[in-house]
Each structure stands twice: as structure tokens, then as C-alpha cells.
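S.K.: Pasted the sequence and its predicted model underneath.
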Amino acid sequence: MAVEYWGQKNMRDIDDSEIEEFLNSIPNIGKKTKSNYQSHLKGFWKFARKMKAVSADEMPLFEPIKYDLGFRTVTTWQLQRQVIEKVKEMTFSFNPRIWLAIDMLATYTELRPDDIRRIQEKNYHNGFVTIFYPTKSKRKNQPWITIKLIDEHREVWEWIQKTFPAINHEMYFFRHHKGRARAKPGDVFSDKYLARCWQRAAKEVGLEGVSLYPGTRHTTITAVSYTHLTLPTIYSVSVSVVAVSLKKKNNTSQYDSEK
């Protein structure tokens, strides 16, 4: 997005006023999201200074963007599962990657929607998925996270790879099979695509006001907080443990009806 905005302009010539104009040009975002964008830009400039591409005098000030955090609206574990099952019902026949992506967001709380989009075919190996430069990571000195897929996800992942083989291992895994609107076959999902799929399914089951991220990650964490697992455990281990725990507690399995 920043590359498209500034093109080939030398970063030495970009000052705070231009950065502010860029942030204000991004449509439909609040102050918290704007602050996140600014943080990414600041990190890039700090890296450039470390590499001596810019001097201290050429560093923008990056004045903090003030914002108030609100409460996220979550739903129940049961309604979350209803929405995800509806996503599967509505999309699995033409692109099973949609359901898998959304179910993964509800299962592995270290993942963010943009992390999902960046996964390439080559990032999967024997049930493990590696995400490089994740959106947020608790491990500051490790630029990747590795997720161990639960059996259900591993089986679907490998079935997709066999049924819809990639042209090469550099292709993004979560991509379109057919042309849709402006997307061409093989294009990675847009940053809003999964959110729109979630919203359509949520509307079908009567859930309103809960978007993709709160409906997946935050709902899972909230549900787990009512189990025997403690909050430190939730944040320190792969949430695949959480997912299995919740499924056993609710005595449900997404594939029971198919076996």
C-alpha cells in the first residue's frame, strides 16, 4: 500500500506531513488501525536508519496517534461454530480454502488474518505451517511462528494440495480457484475477502455486529477462559490444544456428519 502511494520516491524525501497524508488516505480505518499502520512505517524507517539508508536528521518524528480502546463484541462458541459451518456449506464446493482459513483463525490464536494471506505452498511440511514475519509475535528475536495443525486441518490441507495442485511452491496457499470480480484464478485472497465471507455466513445464522476477527480469535479466547485452562496457558501454547479441549467439551466434530 505504501509502495503504491509513494512509488519510487526516495524515503529521505518523505516527511511527517506526507506520512500523515498517506495515513489519512487509507479509507475506512479508525485511529487504532491508523496507529498500527504508523507503527509499521516507523519500524521500517528505524531499520533503514540501522542500515544507514537514512540519517538521524532524516527520520520522521512519528508523533503518536491517540486513540481510546473500545470493547470488542464477541459471540459464543456455539454461534461461532454455526457461522463456520455455514461458511463451509456456502463455499466448500467451489473453494475449500475459505472455510479452512476461517476455521484456522478460530483455532490458532497466534494467527491474524493477514498472516493467513501470506502463507505460501512451501510453508507447509508434514502438518506444520510456518509464517514468516507474523503481524504480531511474542518472540521479538524470532521472525517466524510455526503452527502445528490439528488432524482435521492437516487432512484438509493435504487434500487441497492434491486436488488443486499449485503451479509452483511460491504460490500463496489461500488463493482463488476461479476468477471472481477483479480477482483472477491463482490470486491471493484480498485483505477483505475472508471478512466478507464471514459476514455473509453470519447473516445467514442470524448473528449481527460481530466481524471476522472478534468472531474467531477473540471468541475462542473468551470461550477458553471458561474452561479449566488458565489465561497464561492460552497465550503460551498453541491454541490447537484449546480447540481440541473445546470440541471434546461440546462433544462435536466438524466431520462427524461426513464420516
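M.R.: All right, it came through fine.
S.K.: And the strands in the stretch 51-200 of the chain?
M.R.: 124-125, 128-132, 144-148 (DSSP state E, counting those that start in this stretch).
S.K.: Of all these, which one is nearest residue 77?
M.R.: Minimum separation from residue 77 across the strands of the stretch 51-200 of the chain (Cβ to Cβ) falls at strand 144-148, 20.4 Å. Where you see a C-beta, it was placed from the backbone N, CA and C, and this is true even at glycine.
S.K.: just to revisit the earlier point, of the strands of the stretch 51-200 of the chain, which shows the lowest average pLDDT?
M.R.: Mean pLDDT values for the strands of the stretch 51-200 of the chain show the minimum at strand 144-148, a mean of 88.
S.K.: So which of the strands of the stretch 51-200 of the chain is nearest residue 195?
M.R.: It is, among those and with distance given as Cβ to Cβ, strand 128-132, at 19.0 Å.
S.K.: Test my guess that residue 1 contacts residue 27.
M.R.: No. Counting by Cβ atoms under 8 Å, residue 1 does not reach residue 27; the two are 11.0 Å apart.
S.K.: Neighbour count for these two, which is higher?
M.R.: residue 1 (11 against 5; other Cβ atoms under 10 Å).
S.K.: mind listing what that one touches?
M.R.: residue 26 (Cβ atoms under 8 Å, 6 or more residues apart in numbering).
S.K.: Okay, now the unreliable bits of the stretch 51-200 of the chain?
M.R.: 68-72, 136-141 (pLDDT under 70).
S.K.: Now tell me what touches stretch 18-37 from outside.
M.R.: For stretch 18-37, the external contacting residues (Cβ under 8 Å, 6+ apart) are 1-2, 5-6, 38, 41, 60, 62, 64-67, 69.
S.K.: now do 7 Å
M.R.: 2, 5, 38, 41, 60, 65, 67, 69 (Cβ atoms under 7 Å, 6 or more residues apart in numbering).
S.K.: so of these, which ones are in helices?
M.R.: 2, 5, 38, 41 (DSSP state H).
S.K.: which SS state does the nearest residue to the last one once chain neighbours are set aside fall under?
M.R.: Going back to what we said before, that points to residue 41. The shortest distance from residue 41 to any non-neighbouring residue, by Cβ to Cβ, 6 or more residues apart in numbering, is to residue 19 (6.3 Å). Look at residue 19: counting by DSSP: H, G, I helix; E, B strand; the rest coil, its state is helix.
S.K.: separation between residue 19 and residue 52?
M.R.: Distance of residue 19 to residue 52, given as Cβ to Cβ, to the nearest Å: 21 Å.
S.K.: what about these two, which has more around it?
M.R.: Neighbour comparison, residue 19 and residue 52: the larger count goes to residue 19, with 21 against 7 (by other Cβ under 10 Å).
S.K.: Apart from its neighbours in sequence, what residue is nearest residue 178?
M.R.: residue 185 is the one closest to residue 178 (Cβ to Cβ, 6+ apart), at 5.7 Å.
S.K.: For stretch 193-213, what is the distance to the chain centroid?
M.R.: Distance of stretch 193-213 from the chain centroid (Cα atoms, centre = their mean, to the nearest Å) equals 15 Å.
S.K.: Pull out the buried positions in it.
M.R.: 193-195, 197-199, 201-202, 207, 210, 212-213 (16 or more other Cβ atoms under 10 Å).
S.K.: That one spans what distance, first to last residue?
M.R.: 13 Å (Cα to Cα, to the nearest Å).
S.K.: Stretch 89-101 now?
M.R.: Stretch 89-101: ends 14 Å apart by Cα to Cα.
S.K.: can you list contacts of that stretch?
M.R.: So stretch 89-101 is contacted by 87-88, 116, 153, 156-157, 160, 174-178, 194, 197, 200-201 (Cβ under 7 Å, 6+ apart).
S.K.: Buried residues, it. List them.
M.R.: For stretch 89-101, burial by neighbour count (16+ other Cβ under 10 Å) applies to 91, 95-101.
S.K.: where do the helices sit along the stretch 151-259 of the chain?
M.R.: Here the stretch 151-259 of the chain has its helices, by DSSP state H, counting those that start in this stretch, at 151-163, 193-204, 212-213, 219-224, 231-236, 240-250.
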